[in-house]
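Asks: Sequence plus predicted model, see below.
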Amino acid sequence: MEKVIGLVMAAGTDDRMKSKKSKLAQELYGKAVIKRVVDSIKKAGVEEIAVIVGENKSEIEEILKDEVTYLEQKQCLGTGHAIMQAVSYLEGKEGKVVIANGNIPLITPQTIQTLIEKSQKEEEAVTILTGIISEPIGYGRIIRTNNVITQIVEEKELTQAQAKLLEVNAGLYCFSIDKLLEIIGKLEKSSMGLYYLTDVIQMLSTKGEKIGGVLVEDNTEILSLNTKLQLEMLTRFLRIRINTMHMNNGVTIEDMNTTYIYEDVEIGIDTVIHPNTTIKSGVVIGEDCNIGPNAYIREGCVLEDKAKVGSFVEIKKTKVGKGSKVPHLSYMGDCEIGEKCNIGCGTITCNYDGKNKHKTKIGDNCFVGSNVNLVAPVTLGDHVLVAAGSTIVQDVPSESLAIARQRQTNKEDWNKGK
């Protein structure tokens, strides 16, 4: 199997986003757009990735850190010019190179892998990801002769007849490195004064090189990001994709339009998720659990089978044991809750002292009354009952009743005549 490396074009500037951050730094479900593209390429099996940056270099480096190599494009003279900056990086390397636009955050590892595998199997000089779009505004068009791709024409260069074509360039390519290096230096400026990577396709075709295509199955994968409106649309498509996957795996989602489940979440069958719920990445939820409505389950949480996280509950880095319930209006942070516990309404773990986070441990079969403050670090043993309204600052032994509130005093006639 040939080695495959990745190149991501991320140097372009664009003011359509109307933001202090570039379009590649915008967050989609908590992850920057450029990070999503890089992660998808990695998950497709590409271990070595270089990102071509420009004026946004420091911004991109802050996001990707040292997980990629950085190549600099000091002048933004088009996609072809961007790849010219990678020539010295590619020289001496063999195999294939996947080249991707940095602003297609919904592209999946499976699609990238399909592109690579076809390019390798068919021994194509370049394999291009394409899509059929009914209103292809903003996309370059695929030109075919006898059903073979011979050219890609950028939108600004389209003739009236070409503008009617519906097959578009998705912005993802798999080149044979040697074929790319042979021809990239021969690119000429277009009428717009830019070097287009897409012009390489016609040059390879003229030389008789083998050019292939893969038609994307889901057009949402190739939607590009340039504006805040498009960011909302991409978020919507990602939400539908993720929620559909969980429902197909046996999870009940009452309203997928108001349920936000981030990637890398595990949910067992017959768990029910009510509306207006957010579940962050890395959360693990067992079977037959009950979530929401208006629940916020943050990073580092584990819910064992038949657990309940109710309405207006926020949990973070918390384990909820089998059959335990946090029914409503509570905050559980940095907490371990044993099995078959009931956490009363308005209970919070006071886990932050202004400098450090501390842990609360609750044993099995505990009942915590309403409006209780658990000041961490603190541990409740098994079969503990905490009286409503208590502020617990010391450990509570198993099978104990904990009461920590001031004795009630009634001042008779205090408000008389006022």
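Replies: Sure, I can see it.

Asks: For residue 356, grab phi and psi.
Replies: phi -130, psi 160 (degrees, to the nearest 10).

Asks: now it: how far from residue 235?
Replies: 34 Å (CB to CB, to the nearest Å). In short, each C-beta sits where N, CA and C put it, glycine included.

Asks: who has more neighbours, those two?
Replies: A count of neighbours by other CB atoms under 10 Å puts residue 235 above the other of residue 356 and residue 235, at 16 against 9.

Asks: Could you grab the helix/strand/coil label for that one?
Replies: helix (DSSP: H, G, I helix; E, B strand; the rest coil).

Asks: In contact with the closest residue in space to it that isn't next to it in sequence, which residues?
Replies: Excluding its sequence neighbours, the residue lying closest to residue 235 (CB to CB, 6 or more residues apart in numbering) is residue 28, at 5.9 Å. Contact analysis of residue 28 by CB atoms under 8 Å, 6 or more residues apart in numbering lists 36, 105, 225, 231, 234-235, 238.

Asks: same thing but 10 Å
Replies: Contact partners of residue 28, counting by CB atoms under 10 Å, 6 or more residues apart in numbering, are 35-36, 105-106, 225, 231-232, 234-235, 237-238.

Asks: which two in the residues you listed are spaced the farthest apart?
Replies: Farthest pair in those (CB to CB) is 35 and 232. Separation: 18.9 Å.

Asks: of the two, who's got more company?
Replies: Ranked by neighbour count (other CB under 10 Å), residue 35 and residue 232 place residue 35 first, with 19 against 11.

Asks: Sticking with the more buried one, tell me its helix or strand.
Replies: helix 33-43 (DSSP states H and E).

Asks: Can you give me the buried ones in that helix?
Replies: 33-42 (16 or more other CB atoms under 10 Å).

Asks: average pLDDT across it?
Replies: Averaging pLDDT along helix 33-43 gives 98.

Asks: per-residue pLDDT, the residue lying closest to residue 169 once chain neighbours are set aside?
Replies: Nearest residue to residue 169, sequence neighbours excluded (CB to CB, 6+ apart): residue 140, at 4.2 Å. Note for residue 140: predicted pLDDT of 95.

Asks: swap in residue 416?
Replies: Looking at residue 416, the pLDDT reads 85.

Asks: burial measure for it, as a count.
Replies: Neighbours of residue 416 (other CB under 10 Å): 6.

Asks: Report the separation between it and residue 410.
Replies: 13 Å.

Asks: hang on, the earlier thing: which among the buried residues of helix 33-43 gets closest to residue 254?
Replies: For those, the nearest to residue 254 is residue 36 (27.7 Å; CB to CB).

Asks: what residues are up against the residue lying closest to the closest one once chain neighbours are set aside?
Replies: Among residues not flanking residue 36 along the chain, residue 105 sits closest, at 3.9 Å (CB to CB, 6+ apart). Residues in contact with residue 105 (CB under 10 Å, 6+ apart) are 23-24, 26-29, 31-37, 39-40, 221, 223-225, 231, 234-235, 238.
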